[in-house]
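Chemist: kindly generate the corresponding structure for this input.
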Amino acid sequence: MDLLRSLPLGLYLEKPVTWLHHLDARVKLVWLMSFLVTPLLANPIWRISLVVFLIFITLAAAIPLRVWRQQMGWLIFFCLTVLLIGAITPDSLTDTHQPRLPADELAFAQQEAIVPEEPDRNPWYDPFGWGVEEEDANDATDTATTPTIPDLTELPQPTDYRYIWFDRGPLAITRHSLDLAVSISTLLFTLIYSTNLYLLTTSPEAITDGLEDLMRPLRWFDLPVTEIALTLTLSLRFLPLVLEEIQNLSRSIQTRAINWKKLGFRGTSKIWLVVAERLLENLLLRAAQISSAMEVRGFTSPDRHRVLWHESRLRVSDFVAIALLIIFWGVRVIWGWEA
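Modeler: The predicted model follows:
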């Protein structure tokens, strides 16, 4: 397995050269920061639009299918899984409470007010009612009118607003849970894929050179901007060497056909400790070789030996990208706020 070619994220695509490759690294870095900042306090429509816009840029740049399919396939699957799980997850803590108002409050409020009838007086010859039989008393009680509660039908709603969108058995999707799911999934996709698209179309030297130009005002505060840019350049160049050493050690272990089941936990731990020690030694040896190569070429400090990787110059396409960036931020400020 070739780690340098099978690594899905963070690789630089040298060929074919697309129009994204020709853009200045500083302009692309500002676009990247815009993709990372604009989702904050934005509505779900804006976040979904960012995902569609990133996919549209990938297709418009004519990046080969084998590249973006490998890089976007698992990411889209992961984000869709997060969207599904977040949508069916309860949007708040379950709590049991006793309602403050009665259950038939609407029926109680709409029932008619009944005035009690005036009771019949006993005749003058029987003021205490001793002569009235019990049957007459029971008949008089039964004839008293009892209030009836009218049948209430479902009242028509003024709008089609529904808080619960789907409720079948244990699964329920509400507006709040769906908003949370869309926010999390789109943020993950925008964060990972926008950064990966920037690394895919920008060389490490252009990245460090663009960062050095953007950090130039920090020199007023006596910050070592050139040293930081050089360190970043060396670290980006050192990553392929780390992957190469890991690949070589993994192949050396595979060729020895070690039976891991017979070794047990202790034997396996010893072997992996030896492999980690060997990896550290090889990396330190590579770092020493790089420093020796720089010293042989007379490099003493970045201030005295400044290396220009390319000439930083804005072209017509860069100005078009800046104009589109201004429109992008204008749309975000006007329509992208969270309600």
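Chemist: what about Leu214, neighbour count?
Modeler: When neighbours are counted by other CB atoms under 10 Å, Leu214 registers 15. Where you see a C-beta, it was placed from the backbone N, CA and C, and this is true even at glycine.
Chemist: ah, wrong one, I meant Phe166
Modeler: Phe166: 12 neighbours (other CB under 10 Å).
Chemist: likewise Val17?
Modeler: A count of nearby residues for Val17, using other CB under 10 Å, gives 10.
Chemist: a helix runs through it, doesn't it?
Modeler: No. Assessed with DSSP: H, G, I helix; E, B strand; the rest coil, Val17 is coil; it does not lie in a helix.
Chemist: residues touching the most centrally placed residue in the chain, list them.
Modeler: Nearest to the mean C-alpha position of the chain, by CA atoms, centre = their mean, lies Leu187 at 2.6 Å. Contacts for Leu187 (CB atoms under 8 Å, 6 or more residues apart in numbering) come out as 39, 47.
Chemist: host element of it?
Modeler: Assigned by DSSP states H and E, Leu187 falls within helix 175-201.
Chemist: tell me which helix or strand comes right after that helix.
Modeler: Next element after helix 175-201 (DSSP H and E): helix 204-214.
Chemist: give me the buried stretch members for whatever helix or strand comes next after that next one, please.
Modeler: Under the assignment DSSP H and E, the closest C-terminal helix or strand after helix 204-214 is helix 225-255. Going by neighbour count (16 or more other CB atoms under 10 Å), the buried part of helix 225-255 is 225-226, 228-230, 233, 236, 245, 249.
Chemist: got the angle between helix 225-255 and helix 204-214?
Modeler: Per axes from the mean of the first three to the mean of the last three CA atoms, to 10 degrees, the angle that helix 225-255 makes with helix 204-214 is 150 degrees.
Chemist: helix 225-255: how far from the chain's middle?
Modeler: Distance of helix 225-255 from the chain centroid (CA atoms, centre = their mean, to the nearest Å) equals 29 Å.
Chemist: ok, Arg26 touching Gly210?
Modeler: Yes. Counting by CB atoms under 8 Å, Gly210 is a contact partner of Arg26 at 4.3 Å.
Chemist: identify the contacts common to the two.
Modeler: Jointly contacting Arg26 and Gly210 under the rule CB under 8 Å, 6+ apart are Ser312.
Chemist: quick one: Leu234 from Ile290, how far?
Modeler: Using CB to CB, to the nearest Å, we find Leu234 at a distance of 7 Å from Ile290.
Chemist: for Thr89, same thing?
Modeler: Counting by CB to CB, the gap from Thr89 to Ile290 is 49 Å.
Chemist: quick check: Leu32 touching Tyr193?
Modeler: No. If you go by CB under 8 Å, Leu32 and Tyr193 don't touch, sitting 10.9 Å apart.
Chemist: how does this protein divide into domains?
Modeler: What automatic domain parsing lists as the domains of the chain is 1-92+162-202+314-339, 225-308.
Chemist: and the ones you listed, which one is worst for confidence?
Modeler: Lowest mean pLDDT within the domains of the chain: domain 225-308, a mean of 81.
Chemist: okay, now Phe319: neighbour count?
Modeler: 12.
Chemist: would you mark the buried spots in the helix or strand containing it?
Modeler: Assigned by DSSP H and E, Phe319 belongs to helix 316-335. Residues 318, 321, 328, 332 are the ones in helix 316-335 that count as buried (16+ other CB under 10 Å).
Chemist: which helices and strands does it pack with?
Modeler: The contact analysis (3 or more CB pairs under 8 Å, 6 or more residues apart in numbering; DSSP states H and E) places helix 316-335 against helix 25-37.
Chemist: mind checking how far the helix it packs on is from the chain centre?
Modeler: With CA atoms, centre = their mean as the basis, helix 25-37 stands 18 Å off its chain's centre.
Chemist: make 29 the first number, not 1, from now on.
Modeler: Fine by me, first position is 29 from now on; the one you just mentioned is helix 53-65.
Chemist: any idea which helix or strand comes after it?
Modeler: Using DSSP H and E, the first helix or strand after helix 53-65 is helix 72-88.
Chemist: how far off centre is that following helix?
Modeler: Offset of helix 72-88 from its chain centre (CA atoms, centre = their mean): 14 Å.
Chemist: check which helices and strands it is in contact with.
Modeler: Against helix 72-88 (3+ CB pairs under 8 Å, 6+ apart) you get helix 93-116, helix 203-229.
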